[in-house]
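Undergrad: have a look; sequence and predicted model below, questions after that.
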Amino acid sequence: MASELASQICSHLASIFTKPTHPHPPVLDLLVTELSSTAARKGRVFLYGVGREGLMLKALCMRLAHLGLSAHMVFDMTTPPIAVADLLIASAGPGGFSTVDAICSVARSNGGRVLLLTAQPESGSCARHASVVGYVPAQTMADDGGDVMKSRPLLPMGSVYEGALFVLFEMVVYKLSEVLGQSPEEAIRARHANLE
């Protein structure tokens, strides 16, 4: 039973990456390009998302630090100010959140580059603040119908989008480690926390 459910969930998440994203570039390529460009110009990476989207971005932030990038979650006490060489990766699955709008706007006004991840690239308020939009064509809480009495979905509310982010970020880390020349055993593992 557990393996069957796991297989169904994994198949559903994998199907997200077969959907066309035109006219937006493939989101995996976009993230790897933006992150490697930021690393090449010695910029820092800032990440922000609300709720479970934010948790997925925290996981990515940790792995970016393991890859040797200067990576920071917005609102952490040690997060520095954003500047011209820097990149903000923000997520707004349904297309808009007032906090994401505000943070993206501040980042742009300070010269930072903004990569917005969203499932609603055409209709959301956050896209107007983005330098570039990464389209993740997954269901969010905004388009799940809201009627849980009809049927019991395997991945409720925004879980499809959030799960897709997790899978996407694992692919990004895998590809980015190659681009940056970071070996798993030497460089990446050496940066893992040891005060745990």
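TA: Great, that's in hand.

Undergrad: is it true that residue 91 touches residue 100?
TA: Yes: counting by CB atoms under 8 Å, residue 91 touches residue 100, with 7.4 Å between them. Using the backbone N, CA and C atoms, a C-beta is placed for each residue, glycine as well.

Undergrad: identify the contacts common to the two.
TA: 48-50, 116 (CB atoms under 8 Å, 6 or more residues apart in numbering).

Undergrad: now go through these and say which are in strands.
TA: Residues of the shared contacts of residue 91 and residue 100 located in strands (DSSP state E): 48, 116.

Undergrad: could I get the shared contacts of residue 91 and residue 100 as CSV with pLDDT, distance to residue 73 and neighbour count?
TA: Shown next, in CSV, are the shared contacts of residue 91 and residue 100 (pLDDT from 0 to 100; distance: CB to CB, whole Å; neighbours: other CB atoms under 10 Å):
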residue, pLDDT, distance to residue 73, neighbour count
48, 98, 7, 25
49, 96, 9, 26
50, 93, 12, 16
116, 97, 16, 24
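
Undergrad: and the shared contacts of residue 91 and residue 100, which two are the farthest apart?
TA: 50 and 116 (13.1 Å; CB to CB).

Undergrad: what residues are shared contacts of the two?
TA: 91-92, 100.

Undergrad: and which of those residues is nearest to residue 23?
TA: Distances from residue 23 to these, taken by CB to CB, are shortest for residue 92, at 19.1 Å.

Undergrad: residue 31: which element?
TA: Here residue 31, judged by DSSP states H and E, is contained in helix 27-40.

Undergrad: for the longest helix seen in the chain, packing partners?
TA: Longest helix in the chain by number of residues (criterion: DSSP state H): helix 159-180. Judged by 3 or more CB pairs under 8 Å, 6 or more residues apart in numbering; DSSP states H and E, helix 159-180 is in contact with helix 2-16, helix 27-40, helix 51-66.

Undergrad: any low-confidence regions in this structure?
TA: 142-154, 156-158, 185 (pLDDT under 70).

Undergrad: re the thing from before, can you list the shared contacts of residue 50 and residue 116 in CSV and add neighbour count and distance to residue 20?
TA: Below are the shared contacts of residue 50 and residue 116 laid out as CSV (neighbours: other CB atoms under 10 Å; distance: CB to CB, whole Å):
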residue, neighbour count, distance to residue 20
91, 28, 21
92, 28, 21
100, 26, 25
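
Undergrad: still on that earlier bit, now the helix holding residue 31 - C-alpha only, CSV.
TA: Extracted C-alpha coordinates of helix 27-40, given in CSV (Å, rounded to 0.1, in the frame of the first residue of the first chain):
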residue,chain,number,x,y,z
VAL,A,27,12.5,26.1,-15.4
LEU,A,28,15.4,23.7,-14.7
ASP,A,29,17.6,25.3,-17.3
LEU,A,30,16.6,28.8,-16.2
LEU,A,31,17.5,28.1,-12.5
VAL,A,32,20.9,26.6,-13.4
THR,A,33,21.7,29.5,-15.7
GLU,A,34,20.7,32.2,-13.2
LEU,A,35,22.5,30.5,-10.3
SER,A,36,25.7,29.8,-12.2
SER,A,37,25.7,33.4,-13.6
THR,A,38,25.3,34.7,-10.0
ALA,A,39,28.2,32.5,-8.8
ALA,A,40,30.4,33.7,-11.7
